[in-house]
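Chemist: Return a 3D structure for these sequence lines:
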Amino acid sequence: MEYHGLDIETDGSVYEPAEDSLLAAEVADQEIKNLGVNLSMLDMGCGSGIIGLSAALNKNVAKVLFADKNPAAISLCKRNLLINSNLIDAKCSVVKSDLFSEVNGMFDLIVFNAPYLPDGKDDDLGDAWYGGDDGIGVSSKFLEQSYKHLGDNGSIVLIASSLSNIDGLYCAINDCDLMVVRDAKVHINFEDIIALVLKKQLVIGS
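Modeler: This next block holds a predicted model:
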């Protein structure tokens with residue numbers, strides 16, 4: 001597929017970019033404009049790499065780390081980095097990691113198109129869809145680990161669904177000393193896909 005001039009290859013064993021991926025990329029691009037220059041970005045659960053690659057097109061982004069626990073996603077992301085290397089100046093690297101298990105350092109922007117559905121665990125791509133029985137299990141674990149990797153003025157873009165336990169997700173966000181500063185959504189079939197932009201509470205209140 002083509003996106004903003006990028007040539008993105010897909011693979012049947014890796015989550016294919018869809019409306020949620022494009023929403024995450026769009027909101028991330030908007031957030032980059034608010035964050036300044038020489039930014040570091042983490043594309044968590046990168047899949048094909050479309051979100052991080054889109055961010056890497058922006059001259060304000062200096063470094064992008066792509067992370068995924070699926071070996072097939074790691075291979076696909078590396079292929080897409082190679083295919084589009086002539087379009088980006090940002091320093092890009094890829095790491096196989098279950099959430100932040102192999103991720104080091106701090107980031108100005110962290111984007112996670114999280115598994116957000118409360119069903120789908122028996123699907124071939126269950127890990128890409130299934131967020132736990134209430135749809136927020138993976139997101140909650142991500143939030144617990146993300147705070148220490150987020151720069152004080154940084155932002156998180158987290159994708160969620162109206163089919164999951166949104167009230168529980170907001171509680172988890174607050175429990176992790178984060179807060180929602182804005183959101184964006186698209187309606188698809190029987191659900192709203194929601195992009196939440198999060199900041200550290202301590203920065204907002206200072």
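
Chemist: which intervals of this protein have sub-threshold pLDDT?
Modeler: Along the chain, segments meeting pLDDT under 70 span 119-132, 203-206.

Chemist: Show me where it has its strands.
Modeler: 2-3, 6-7, 39-44, 61-68, 91-96, 107-112, 150-161, 178-188, 191-200 (DSSP state E).

Chemist: a markdown table for the ones you listed, including mean neighbour count?
Modeler: All C-beta atoms are positioned from the backbone trio N, CA, C, and that covers glycine. Putting the strands of the chain into a markdown table (neighbours: other CB atoms under 10 Å) gives the following:
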| stretch | mean neighbour count |
| --- | --- |
| strand 2-3 | 12 |
| strand 6-7 | 16 |
| strand 39-44 | 26 |
| strand 61-68 | 24 |
| strand 91-96 | 16 |
| strand 107-112 | 25 |
| strand 150-161 | 22 |
| strand 178-188 | 15 |
| strand 191-200 | 20 |
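
Chemist: S140 is nearest to which of those?
Modeler: strand 150-161 (10.6 Å; CB to CB).

Chemist: quick one, what contacts the spatially most central residue of the chain?
Modeler: Nearest to the geometric centre of the chain sits F112, at 2.0 Å (CA atoms, centre = their mean). By CB atoms under 8 Å, 6 or more residues apart in numbering, F112 lies in contact with 44-45, 139, 142, 156-159.

Chemist: Show me the beta-bridge partners of the nearest residue to it once chain neighbours are set aside.
Modeler: Using CB to CB, 6 or more residues apart in numbering and skipping the chain neighbours, the partner closest in space to F112 is M44 (4.1 Å). With beta bridges defined as DSSP bridges, M44 has these partners: A67, F112.

Chemist: from what I can see L158 touches S139, true?
Modeler: Yes - the pair L158 / S139 is scored as a contact, 6.3 Å apart, by CB atoms under 8 Å.

Chemist: between these two, what contacts are shared?
Modeler: What both L158 and S139 touch, as defined by CB under 8 Å, 6+ apart, is the set 112, 114.

Chemist: And for the longest helix along the chain, what's in contact with it?
Modeler: The residue-count maximum for a helix in the chain (DSSP state H) belongs to helix 19-35. With contact meaning CB under 8 Å, 6+ apart, helix 19-35 is reached by 3, 15, 39, 41, 47-48, 50-51, 54-55, 58, 60-61, 108-109, 111, 113, 153-155, 157, 159, 184-186, 188, 193, 195, 197.
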